[in-house]
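# Need the 3D shape of this:
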Amino acid sequence: MPQVTGVLESALFVGNLERARDFYGRVFGFEELEVSEDGCVLMVGKVQVFLLVTAAKALIASRTPGGTVPPCLAAPREAVGAGHMAFAVTAADLDAWRAHLEREGVQVESEVAWQGGARSLYFRDPDGHLLELATPGIWGIHW
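Numbering: from 1, shown residues only. Down below sits the predicted model:
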């Protein structure tokens, strides 16, 4: 069987692109690779891409010189606030992340201590997406 080598990109649908760009730039410091009126491509780590896509754009195909990318959503439905993303952080940085979120006015909704020693902080972005900062050991994966 051919192998998948990793997750290249993930996307969240947002109601207000400028607000989302500000949040992810301010809170995470993600580098913007591309920005349009329909979305934003952010770099996470060295080889992972995180997309912010307007809710309206999620419903229509994207025509490119090389072909058509189908719409993210197969049928109209509420797209904003439905997602979850977990970002990997080091255990040594988790307390610094908690303090940073507090300084940025981001409320931590929950902290979980996982079996095996991993820990997670849960909070929401301005569109209501549930975000997580997770330390090594979650799912038995170590980085």
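
# Where does pLDDT dip in this structure?
For the chain, the stretches flagged by pLDDT under 70 are 2, 4, 74-82.

# can you pull out the helices in it?
Under the criterion DSSP state H, the chain contains helices at 17-28, 94-103.

# Go through the ones you listed and name the closest to residue 139.
helix 94-103 (16.7 Å; Cβ to Cβ). Yep, even glycine has a C-beta here, placed from its N, CA and C like the rest.

# Can you mark which positions in the closest one are buried?
Across helix 94-103, burial judged by 16 or more other Cβ atoms under 10 Å covers 94, 97, 98, 100, 101.

# likewise stretch 28-44?
28, 30, 39, 40, 41, 42, 44.

# Pull the distance from that stretch to the chain's centre.
11 Å (Cα atoms, centre = their mean, to the nearest Å).

# Can you tell me the closest non-neighbouring residue to residue 121?
Excluding the flanking residues, the one nearest residue 121 by Cβ to Cβ, 6 or more residues apart in numbering is residue 133, at 4.6 Å.

# Tell me what the one you found is bridged to.
Following DSSP bridges, residue 133 is listed with bridge partners residue 87, residue 121.

# can you map out the strands along this structure?
Counting by DSSP state E, the chain has strands at residues 9-14, 31-35, 39-44, 48-54, 62-64, 67-69, 84-88, 108-113, 119-124, 130-134.

# Same list (those) but as TSV, adding distance to residue 143.
Compiled in TSV, these are given as follows (distance: least, Cβ to Cβ, whole Å):
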stretch	distance to residue 143
strand 9-14	17
strand 31-35	20
strand 39-44	13
strand 48-54	12
strand 62-64	32
strand 67-69	30
strand 84-88	6
strand 108-113	18
strand 119-124	14
strand 130-134	10
